[in-house]
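Undergrad: Show me how the following folds:
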Amino acid sequence: MSKKILALCGGIGGAKLAYGLTKNISSEDLLIVVNTGDDFIHIDLNICPDLDTVTYTLAGINDQERGWGIKEETWNTLNLLRQFGAEDWFQLGDKDLATHIRRTSLLKKGMLLSEVTKFLSESLGVKHLIVPMSETPVSTMLHTDKGTLPFQEYFVKHRCEPKINSIEYLGSEKAQIPLSLEEEIISNNFSGVILCPSNPYLSIDPILSVDPLREYLVNRTIPVIAVSPFINNRSVKGPSAKIAHELNEEPSVINVAKHYQDILDILVIDHKDKYLQDKIKVKSCVESILMKNDNDKKKLAKSCLELFK
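TA: The predicted structure follows:
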């Protein structure tokens with residue numbers, strides 16, 4: 001199969017499908033755009049959680065039990081930082097720290113985030129191109145009953161407990177997409193787009209808040225497929241169902257179609273939601289979307305790609 005596919009993703013679910021896609025498509029035929037709305041500075045280091053989750057997953061070094069970080073991790077640095085009185089609410093393993101130290105160093109030398117991401121991923125043996133959604137900072141800010149919180153503080157420090165009233169993607173209006181992505185868009189080189197089963201509000205919406213990307217998808221001449229992050233009105237992973245309720249939306253496949261209605265052509269749903277298929281406002285396809293192992297990831301990715309034929 002020879003198709004140039006654009007995949008938008010973030011988080012564990014997105015990383016899983018991205019892995020499956022890399023096992024079905026060559027590096028020349030896939031571009032993976034990753035959410036950077038949860039990037040932040042911590043202990044003076046540039047942390048890019050979603051970029052790292054996708055990179056580690058594609059490199060085969062991710063910790064599948066925890067769902068984040070690197071497998072067989074150790075915590076000596078964090079433990080000593082804790083002893084020194086440093087902030088320790090964000091868990092950084094010794095191996096993971098190497099990524100952040102190197103990234104911070106390269107950014108300070110003037111490299112763009114996309115250049116640093118390419119360097120780090122290639123150093124870990126990743127052949128497929130992973131790019132950030134923006135070269136410039138875009139921050140997902142959550143307006144909650146506990147005040148306005150940056151994403152990681154809400155997600156990790158406060159364990160998703162505050163009630164969300166609204167979400168803002170600070171800096172999106174000035175976001176600059178990577179040149180490699182811009183060139184592909186201008187050249188009309190994509191034949192299809194996949195919205196991975198990532199959190200709609202915290203992973204995909206930050207990407208869609210970047211004007212050049214959203215404009216491209218709204219005015220598309222190619223099909224856009226989304227894989228539902230919900231099964232049977234529940235999140236596959238993370239707080240997306242909780243957030244949906246707090247924003248007066250339902251965590252259902254019906255709402256996923258509505259949420260993406262101006263850019264979506266086909267929604268892939270799980271067998272457990274087949275009974276809702278007639279109520280979905282766009283074309284839908286039923287598959288087993290719960291990715292428990294590598295074979296599941298490959299199979300779901302293959303099924304998605306076949307929808308472009």
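
Undergrad: got the CA positions of stretch 53-68 in PDB?
TA: Included here for stretch 53-68 are C-alpha records, laid out as PDB according to Å, rounded to 0.1, in the frame of the first residue of the first chain:
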ATOM      1  CA  THR A  53       5.100   8.700  24.800                       C
ATOM      2  CA  VAL A  54       4.800   8.400  21.000                       C
ATOM      3  CA  THR A  55       8.500   8.300  20.600                       C
ATOM      4  CA  TYR A  56       9.100   5.700  23.300                       C
ATOM      5  CA  THR A  57       6.200   3.600  22.000                       C
ATOM      6  CA  LEU A  58       7.500   3.600  18.400                       C
ATOM      7  CA  ALA A  59      11.000   2.800  19.700                       C
ATOM      8  CA  GLY A  60       9.700  -0.200  21.600                       C
ATOM      9  CA  ILE A  61      11.100   1.100  24.900                       C
ATOM     10  CA  ASN A  62       7.900   2.300  26.500                       C
ATOM     11  CA  ASP A  63       6.700   1.000  29.900                       C
ATOM     12  CA  GLN A  64       3.400  -0.800  28.900                       C
ATOM     13  CA  GLU A  65       2.400  -1.400  32.500                       C
ATOM     14  CA  ARG A  66       2.400   2.200  33.600                       C
ATOM     15  CA  GLY A  67       1.500   3.400  30.200                       C
ATOM     16  CA  TRP A  68       4.100   6.200  30.200                       C
END
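
Undergrad: residues of the longest helix along the chain that come out buried?
TA: When the chain is parsed with DSSP state H, its longest helix is helix 94-108. Using 16 or more other CB atoms under 10 Å as the test for burial, helix 94-108 gives 95, 96, 97, 99, 100, 102, 103, 104, 106. Bear in mind the C-beta positions are built from the backbone N, C-alpha and C, glycine included.

Undergrad: got it, and stretch 173-182?
TA: 175, 177, 178, 181.
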